[in-house]
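Enquirer: Sequence first, then the predicted structure, then my questions.
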Amino acid sequence: MKTEIQTSFTDIYDKLIGWAISVIHNLPNLLVAIIVMVIAYYLAKVVNKWAVRLASRSIPQKAITNLIGRAAAIVVVLVGLFLALGALDLSKALNTLLAGAGISGLVIGLALQGTLSNMLSGIQLSFRKKIQIGHWIETTGYEGEVVDINLNSLVLQPMDNTRVIIPNKTIIENPLKNYSLTSNFKIEINCGVGYGSDLDKVEQLVKDTIKNLNQVDKNTDVEFYYRNFGDSAIDFSCRYWVNARDVRNRLEAKSIGIKAIKAAFNANDINIPFPIRTLQFDNELEFKNKEIGEVSQN
């Protein structure tokens, strides 16, 4: 019994001595690994600040710039960790860590597929110069000013001062119309004149009236087309280019054009007819008799 206990203590003692010798033998590698991790830690801080500063030049959203900075810092720390494990000659542990990271990344990616998709789409939107905060856009049936682009969604402010939150993935996958990429817009006004009007005179009058407006681009022509014979009028379309910055300027330019055309028509006795409904009574005698009967009863 004593011999077995002595043997056990001897084995433990030998293992401790072996570990101590191994630690002393690998002490330089351990110091190198510690130094590498310390350098990686402080370098990650510097890289984080540098990445945020660089990204903020083209991305105004702080949430996205901070994400980019953290991602760059994580990459630096991971590189330092791999170098430290390599210095300690822990190749098996390194391979296990890489395999575990791959499996974990796959599981997390499948679980957060929608969130990651919106996040990556948000980063992609932030780098697009054709979609920026302050632009007036129209997409997926909504129109408004872009007031925010974050990691998950794009926020629009329509003219009614509400907020429309659209997932970034939806913005990337659907067509988008940006009104802020140009300062010239074509305005279209639809109207009609009576059948007794002089059509050549109406066309020339409308063109001259629109050309004299301050908002109209003088380097472009005013387009005028008669469209069809309506129920009570001959319909026409007038199109012209204006200098406008947003949808409000476009609406204002169209309103001014409508008022100018109406004033010109009034000054030249040109009628803008409205629908007229004619009621026909086939049995006029019966109607009169019925009316007389109602009067006598009263």
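Expert: Nice, thanks for sending it over.

Enquirer: Flag the shaky bits of the stretch 1-150 of the chain, pLDDT-wise.
Expert: Within the stretch 1-150 of the chain, the segments meeting pLDDT under 70 span 1-28, 60-63, 88-115.

Enquirer: Show me where it has its strands.
Expert: Secondary structure of the stretch 1-150 of the chain by DSSP state E, counting those that start in this stretch: the strands cover 136-139, 142-149.

Enquirer: So what are the sheet partners of the last one and their directions?
Expert: Spelled out, it's strand 142-149. Partners of strand 142-149 in the sheet, by DSSP bridges, are strand 136-139 (antiparallel), strand 153-157 (antiparallel).

Enquirer: Any idea how many residues pack against residue 238?
Expert: Other residues near residue 238 number 21, with proximity taken as other Cβ atoms under 10 Å. Glycine gets a C-beta too; all of them are placed from N, C-alpha and C.

Enquirer: longest helix anywhere in the protein?
Expert: Longest helix in the chain, counting residues (DSSP state H): helix 27-55.

Enquirer: which parts of that helix are buried?
Expert: Buried residues in helix 27-55, defined by neighbour count with 16 or more other Cβ atoms under 10 Å: 32, 33, 36, 40, 44, 47, 48, 51, 52, 55.

Enquirer: go on, stretch 209-229?
Expert: Going by neighbour count (16+ other Cβ under 10 Å), the buried part of stretch 209-229 is 209, 210, 213, 215, 216, 222, 224.

Enquirer: and the fourth one, what is it in contact with?
Expert: Applying Cβ atoms under 8 Å, 6 or more residues apart in numbering, one finds that residue 215 lies in contact with 242, 243, 244, 249, 252, 253, 256.

Enquirer: Who are the contact partners of the fifth one?
Expert: Shown in contact with residue 252 (Cβ under 8 Å, 6+ apart): 215, 244.

Enquirer: For it, grab phi and psi.
Expert: Backbone geometry at residue 252, expressed as degrees, to the nearest 10, gives phi -60, psi -40.

Enquirer: before we move on, back to that, ok, and the most crowded of the contacts of residue 215?
Expert: residue 242 (23 neighbours).

Enquirer: I'd assumed residue 189 was in contact with it.
Expert: No. Assessed by Cβ atoms under 8 Å, residue 242 is found out of contact with residue 189, at 11.6 Å.

Enquirer: which one is residue 205 nearest to, not counting chain neighbours?
Expert: Excluding the flanking residues, the one nearest residue 205 by Cβ to Cβ, 6 or more residues apart in numbering is residue 264, at 5.5 Å.

Enquirer: Provide the secondary structure category for residue 185.
Expert: At residue 185, secondary structure determined by DSSP: H, G, I helix; E, B strand; the rest coil is strand.

Enquirer: mind starting the numbering at 33 from now?
Expert: Yes, from this point I'll number from 33; that puts the last item at residue 217.

Enquirer: Confirm that residue 183 sits in a strand.
Expert: No. Per three-state DSSP, residue 183 lies outside any strand segment and is coil.

Enquirer: wait, what's in contact with it?
Expert: Listed by Cβ under 8 Å, 6+ apart, the contact set of residue 183 reads 95, 96, 99, 150, 151, 154, 155, 200.

Enquirer: Show me the helices in this protein, by range?
Expert: Applying DSSP H to the chain gives helices spanning 34-57, 59-87, 94-119, 123-143, 145-159, 200-205, 231-243, 279-299, 316-329.

Enquirer: How far off centre is the second one?
Expert: It refers to helix 59-87. Distance of helix 59-87 from its chain centroid, counting by Cα atoms, centre = their mean, to the nearest Å, is 36 Å.

Enquirer: what's the angle from it to helix 94-119?
Expert: When axes from the mean of the first three to the mean of the last three Cα atoms, to 10 degrees is applied, the directions of helix 59-87 and helix 94-119 differ by 160 degrees.

Enquirer: Show me the beta-bridge partners of residue 187.
Expert: Residues in beta-bridge contact with residue 187 (DSSP bridges): residue 180, residue 197.
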